[in-house]
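K.L.:
What follows is a predicted structure for the sequence shown.
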Amino acid sequence: MIAKLRSSLLAPVLAIVVSALLCALILLFSGANPIDALGAMISQVGEGQVAVDIVNSTAIYMIASIAAAIGFQMNLLNIGIEGQYRIGALVAAIVGSAIVLPAPLHWIVILIVAMIAGALWALLPAILKVTRGVHEVLSTIMMNAIAFGLAAFLIRRDQFGILIGNNVSTEPIPESGLVPGISLGDRGTVFGLVFLAVLAAALYGTTMNRTRFGFELRASGLSPTAASAGGVNAKRMIVIALLSSGAIAGLIGMPEILGRDHAYTLNFTAGYGFAALGIALLGRNHPVGIAFGSLLWAFLEKAKAALDNVGVPREIATIMQGLIVLSVVIAYEVVKRFDQAAEQRRVGRALGTITATEPAPEAAK
Amino acid sequence: MTDTDTAVRPAVELNGITKRFPGVIANSDVHLTVRPGEVHALCGENGAGKSTLMKILYGMQSPDEGTISVNGEQVHFKSPAEAIRAGIGMVHQHFMLADNLTVLENVVLGAEQMYGIGRKAKSRVRELAGATGLDVDPDTLVERLGVADRQRVEILKVLYRGAKIVILDEPTAVLVPQEVDELFDTLRTMRDDGYTFLFISHKLDEVRAIADTVTVIRRGTTVGTVDPGTVTSRQLAEMMVGSELPSPETRTSTVTDKEILRVDGLTLRTPDGRALLDSLDIVVRSGEVLGIAGVEGNGQTELVETIMGMRKASAGKVLLDGRDVTKAGTLSRREAGIGYIPEDRTRYGLLLTQPLWANRILGHQTRSPASHGFLLNVSGARSDTKRIVEQFDVRTPGIDVTAGSLSGGNQQKLVVGRELSGDPVLLIASHPTRGVDVGAQAAIWDHIRSARARGLAVLLVSADLDELIGLSDSIKVMLRGRFVADADPATVTPEDLGSAMTGAGEVDADGHGAADGDEPGADAEKAAVPATEGDKK
């Protein structure tokens, strides 16, 4: 058990240490002191609303990475999360503003609409994949492009958009559709939907490890051939996995819309979908790993503003995020091979040298 | 029999080559002597160790023991590049050509340092093209060439790199009969020009047609070198399949009259209409083992996968225990009581990176003890895995190690144990003892036999004729997607089966009298079938 924990922690820790060292080198080259830079970033957490922002972002990153991880579990690269959550958010905001229901019911309906819209945006790539063999990376990237264009069109003022101040947005969602947050006064407000992220992570973990569906999904990812011989319908799993991934992706925009913006606006945050791929990789598709990965990501994202104060370009944090993902991919491969070899040796030792206990067929001849 | 000791230094000499993989011995004490200027065939069933041996000779793997000599000098190849420098080339079964490049570009690619990429290279390619019988302009795109010409380009590639000794890995597998004849003509001409060929095949009639010397390899070791002119296909078949292995005898019949599996007119076609399975009829009864014999690639894999629901039949019916499951998916067939031992356990049987207990769930994910409804029952799966490990003698330190770290024999015992769990009514066993050591083989036979005694119906596909004859209650021989003969395992010999399987009946009828029907009595009329079948082609 301890050996297992060690091997699953080894890779991410190795990756983070290596990428931190690389970043330190880059900082040194650009003439800054890495220790100062890190200090500035850490002390930034105590400033204003930064701590609360980090918590809120962590939750959003978690939802996004779970969407990515569902695809990864069966080797599907859902690059389309970006488009799926945009469409999910836009449709949910439009529907949410058009209906009035009692409080909890109203926002539950909005969340469900977001999930359905996100899933539907993943439906076409799923169909193309199982019927025509179109690779999901290509089709989801295309769907992203369509989503960006469609969203821009739909919030035009002659469609669903209205002008509020000098910002164009959808009609605001009425009070009953908003999810109350936890106000910490000057420190900001923690989104109520932070708990949705925790719930999603718990549900995801249980589904993957404890249910038949999760087992079939993982089996399809690990060995499509063995899964098919074991009675797993590969095409069905592809459709379900992509739709689930899209449904979870639909929720990504919800904490911000139902907790802060109250509408889909021109300033809608982009980029969670792409960050999610890196975080899911970093967290090894494991719910706890994803939580820590999201926290690290959110910290780098929110604390990087402080770098300007010590004369370091804040883009260094972005470079670090990239380096982490790169190191993670390499570290996992290295650790995986090392583990496999180590286990084979261990099994060999436990049984005595394997080749000695198995006489060569007809060696006696 | 070593008849190759002549005054000439051998082109290739392998001495005592042994190669072990974790848990499997791929080659043990292999001796092979190839004279210069001959076509030397290396013959053996799939999984006998031919490819590993050739990979060793070609420098792709290094032997654990033994020596390799080329033209009398001992060599230690660390990579194919070194083998090429020593004059050895290999033509792989699957072509390694870039379609969108020309013949010239494909040949020169990677060997630019030899003659450059200009006029000199082109004239060298033209020069060699004649030898390989390639009659196209070097500037033709490879995508325009047919299979036979592509193969010639592959041969051209190794000649261009200076090979005098060419390894051909199953070169006829992709060719139609006329093309095979043309290839053989080319090989004969080239042989007369001084090239040496190592020809890997399991098709006996072809081996006899082209080879000057045949070395037979079985279960990882060379069993003999013979002159194809003095042996019959039947004798070769006997050498390939062997007969002194521990025999899996099951003589007391447990066959009942309860039909478990009935297959009617099962047909499977490729998208272009070629029949892989041609209206097959099968009945397997409770307590019966039906053996399917056949050289690999004659439809056995397709038959098994169609019965398992992994491929969709073009026509015909599959009935399990009287119930029509033709339209059912793999999972519901499994739930209806089919156990399945796939021919390739690492690709189709196991999740190698998962622990043993998770592998217990695969294929049983909807049934007790692996699950309750939608939830997995991890503790149930774990305790049942412990049972399998104990009952089937899976040698492992525990059930938390990954399946990939077990040896081949132990992986297979785990698969057999899993597939016999949950009281199946039918077991489909594809090469159940391939690549496992002798001890595990005997254990697996025992388990199949005792399950049969309890009323299990078994469809057994195997290339090991001793296994087929020893375990089966009746045998069908499969050739080109059809059943061409029935055999009674009580009276049939491996040689008879071998002839029927390889279609060697025809060859023998020409050269060595009637191959079939020389078994007096019971089998005469059944065994006559392959001869007529062979005549049709």
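P.N.:
Thanks, I have the structure now. Numbers count the residues shown, from 1 in each chain, chains lettered A, B, ... in the order given.

K.L.:
what secondary structure does the residue nearest to B:Ala129 when sequence neighbours are not counted sit in?
P.N.:
Closest residue in space to B:Ala129, ignoring its immediate chain neighbours: B:Leu156 at 6.1 Å, by C-beta to C-beta, 6 or more residues apart in numbering or on different chains. In this view, the C-beta of every residue, glycine as well, is placed from N, C-alpha and C. Recorded secondary structure, B:Leu156: helix (DSSP: H, G, I helix; E, B strand; the rest coil).

K.L.:
Also B:Arg262?
P.N.:
strand.

K.L.:
Look up which helix or strand the closest residue in space to it that isn't next to it in sequence falls in, please.
P.N.:
Closest residue to B:Arg262 apart from its sequence neighbours, by C-beta to C-beta, 6+ apart: B:Leu319 at 4.3 Å. Following DSSP states H and E, one finds B:Leu319 within strand B:315-320.

K.L.:
Can you give me the pLDDT of B:Ala514?
P.N.:
You'll see B:Ala514 listed with a pLDDT of 35.

K.L.:
repeat for the one 10 residues further on
P.N.:
For B:Ala524, the pLDDT comes out at 37.

K.L.:
Please apply the same query to A:Met41.
P.N.:
A:Met41 is assigned a pLDDT of 86 by the prediction.

K.L.:
and it, that's in a strand?
P.N.:
No. Counting by three-state DSSP, A:Met41 is not found in a strand; it is helix.

K.L.:
I'd like to know how far B:Leu268 sits from B:Gly299.
P.N.:
Using C-beta to C-beta, to the nearest Å, we find B:Leu268 at a distance of 8 Å from B:Gly299.

K.L.:
Now the common contact residues for these two.
P.N.:
With contacts taken as C-beta atoms under 8 Å, 6 or more residues apart in numbering or on different chains, the residues that reach both B:Leu268 and B:Gly299 are B:Leu276, B:Leu277, B:Gly481.

K.L.:
most neighbours, which of those residues?
P.N.:
Counting neighbours by other C-beta atoms under 10 Å in any protein chain shown, B:Leu277 comes out on top of the shared contacts of B:Leu268 and B:Gly299 with 25 neighbours.

K.L.:
May I ask you to confirm that A:Ala15 belongs to a strand?
P.N.:
No. Assessed with three-state DSSP, A:Ala15 is helix; it does not lie in a strand.

K.L.:
What residues sit buried inside the helix or strand harbouring B:Glu105?
P.N.:
Using DSSP H and E, the element containing B:Glu105 is helix B:103-108. Neighbour counts over helix B:103-108 (16 or more other C-beta atoms under 10 Å in any protein chain shown) mark B:Val103, B:Leu104, B:Glu105, B:Asn106, B:Val107, B:Val108 as buried.

K.L.:
pLDDT score assigned to the fifth one?
P.N.:
The reference is to B:Val107. 91.

K.L.:
circling back to that earlier point, tell me the one of the buried residues of helix B:103-108 nearest A:Gly283?
P.N.:
B:Asn106 (45.0 Å; C-beta to C-beta).

K.L.:
where does B:Asn15 fall, helix, sheet strand or coil?
P.N.:
strand.

K.L.:
Across the sheet, point out what pairs with it.
P.N.:
B:Thr67 (DSSP bridges).

K.L.:
Which of the three states applies to B:Gly287?
P.N.:
coil.

K.L.:
ok, for it, nearest residue in space, not its chain neighbours?
P.N.:
Nearest non-adjacent residue to B:Gly287 (C-beta to C-beta, 6+ apart): B:Thr254, at 3.8 Å.

K.L.:
from the stretch 201-350 of chain A, which residue is nearest to chain B?
P.N.:
Taking C-beta to the nearest C-beta, chain B has its nearest neighbour within the stretch 201-350 of chain A at A:Gly231, 3.1 Å off.

K.L.:
Three-state assignment for that residue, please.
P.N.:
A:Gly231 ends up coil, using three-state DSSP.

K.L.:
List the buried residues of whatever helix or strand B:Glu206 lives in.
P.N.:
Secondary structure from DSSP H and E places B:Glu206 in helix B:204-210. Neighbour counts over helix B:204-210 (16+ other C-beta under 10 Å) mark B:Leu204, B:Asp205, B:Glu206, B:Val207, B:Arg208, B:Ile210 as buried.
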